[in-house]
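Q: Build the 3D model from these lines:
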Amino acid sequence: MGYIENSLIDGEEVGHQATFHWLYTVNAGLGALALWIIAGICLLLAGDLLPSYALALRITAAVFGLWGLVAFLIPMIRKWTTEIAVTNKRFVQKTGWIARTTNELPLNRIEEVNLEQGIIGRLFGYGTVSVSGTGGDDPIVTPEIDDPLVLRKALAKARDEASGRTESA
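A: Next up is the predicted model:
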């Protein structure tokens, strides 16, 4: 059970939960994979081809291997520890694992919802959503999420229901 489920108040229900797009994971994996390939090449060279440089190549392989691990874990920890949801009372975005940051905006305080999708985002179905509230605070900007139009529609629907408007009105 995540932060959002644990922080629901009486009568509050999650209407939509956004997720990271699959390309986010691929992107994190490709950078790490390139570093691991370099580490593997260094290990191959250390074994048979350049035995006089074996120690230096093994150290280089270890450095690239660890760098690849860190390059993979940083974006994945961000993915694993980020929650984005629309409830029937508010918009919530939580990030962080050890240190937690939450951005919450009551539905009646939402002034503007903007969608940003580039050409590649349109083709593959990802983008960011920026939610601004009344009072001039900085907007809450999501990371690149899967199908951001669904989140935008969920926010509009929840705002209409919270204000008492219906789709037929």
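
Q: Convert the C-alpha atoms of the host helix or strand of Lys153 to CSV, please.
A: In this assignment (DSSP states H and E), Lys153 forms part of helix 148-162. What follows is helix 148-162 as a C-alpha-only set of coordinates in CSV (Å, rounded to 0.1, in the frame of the first residue of the first chain):
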residue,chain,number,x,y,z
PRO,A,148,-1.2,11.9,-20.3
LEU,A,149,-4.5,12.7,-21.9
VAL,A,150,-6.2,10.2,-19.7
LEU,A,151,-4.8,12.0,-16.6
ARG,A,152,-6.0,15.3,-18.0
LYS,A,153,-9.5,14.0,-18.6
ALA,A,154,-9.6,12.4,-15.1
LEU,A,155,-8.7,15.8,-13.6
ALA,A,156,-11.4,17.5,-15.6
LYS,A,157,-14.0,14.9,-14.7
ALA,A,158,-13.0,15.0,-11.0
ARG,A,159,-13.2,18.8,-10.9
ASP,A,160,-16.6,18.8,-12.6
GLU,A,161,-17.9,16.2,-10.1
ALA,A,162,-16.4,18.0,-7.1
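
Q: quick one: low-confidence parts of the chain?
A: Using pLDDT under 70 as the threshold, the predicted model of the chain has low-confidence ranges 1, 49, 165-169.

Q: who's in contact with the closest residue in space to Leu45 that isn't next to it in sequence?
A: The shortest distance from Leu45 to any residue other than its chain neighbours is 5.3 Å, reached at Leu57 (CB to CB, 6 or more residues apart in numbering). For glycine as for every other residue, the C-beta is placed from the backbone atoms N, C-alpha and C. With contact set as CB atoms under 8 Å, 6 or more residues apart in numbering, Leu57 has these partners: Cys42, Leu43, Leu45, Ala46, Leu50.

Q: No further queries at this time; thank you.
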